[in-house]
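Novice: Model the following, please.
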Amino acid sequence: QVQPVESGGGLVQVGDSLRLSCTSSGRIFSSNVVGWFRQAPEKEREFVATITGNQLFTTYADSVRGRFTISRDNVNNMVYLQMDSLKPEDTAVYYCAAGLTYSISPSAYDHWGQGTQVTVSS
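Specialist: Numbers count the residues shown, from 1 in each chain. A predicted model of the protein is given here:
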């Protein structure tokens, strides 16, 4: 069973950078598509970025393209989300999710982490 576990959230200032990490506490997920999603208070969960298992394909939400970079290290069973030029509107709980289908839809992902809070202060 793949069980994503996120880390790396925190409180930062506008314009700062932060790197989120995701690993699996269970079976390794090198063959899985891994996506990052986020949910702000009173808003629906939204897609941020996703990457295929072989790292050949990545997709980003328009709101983060050019500022965020998703990557993975399959040797060490890790997926990262590098977030640069952070804005207050990036404040949310960020979730890592694993699945078998390359998609921006949350419903395509079967395994979800507990989330890590990112707060960007102005």
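Novice: drop to CA atoms for contacts and neighbour counts, all remaining ones
Specialist: Fine.
Novice: all strands for the chain, in order.
Specialist: Counting by DSSP state E, the chain has strands at residues 4-7, 10-13, 18-24, 33-39, 46-51, 58-60, 68-73, 78-83, 92-99, 109-112, 116-121.
Novice: and the spatially most central residue of the chain, what does it touch?
Specialist: Central residue of the chain (C-alpha atoms, centre = their mean): residue 36, 2.5 Å from the mean position. Shown in contact with residue 36 (C-alpha atoms under 8 Å, 6 or more residues apart in numbering): 47, 48, 49, 50, 81, 94, 95, 96, 97.
Novice: now do 6 Å
Specialist: Contact partners of residue 36, counting by C-alpha atoms under 6 Å, 6 or more residues apart in numbering, are 48, 49, 95, 96.
Novice: can you check residue 9 too?
Specialist: 116, 117, 118.
Novice: ok, the first one touching residue 94?
Specialist: So the one you mean is residue 116. Yes: counting by C-alpha atoms under 6 Å, residue 116 does reach residue 94; the two are 5.3 Å apart.
Novice: of those two, who's got more company?
Specialist: Between residue 116 and residue 94, residue 94 has the larger neighbour count (other C-alpha atoms under 10 Å), namely 28 against 20.
Novice: Find the nearest non-adjacent residue to the more buried one, please.
Specialist: Distance criterion C-alpha to C-alpha, 6 or more residues apart in numbering; nearest residue to residue 94, sequence neighbours excluded, is residue 38 at 4.3 Å.
Novice: hey, what's that neighbour bridged with?
Specialist: residue 46, residue 94 (DSSP bridges).
Novice: and it, how many neighbours?
Specialist: Neighbour tally, residue 38, other C-alpha under 10 Å: 22.
Novice: OK, contacts around it?
Specialist: 45, 46, 92, 93, 94, 95.
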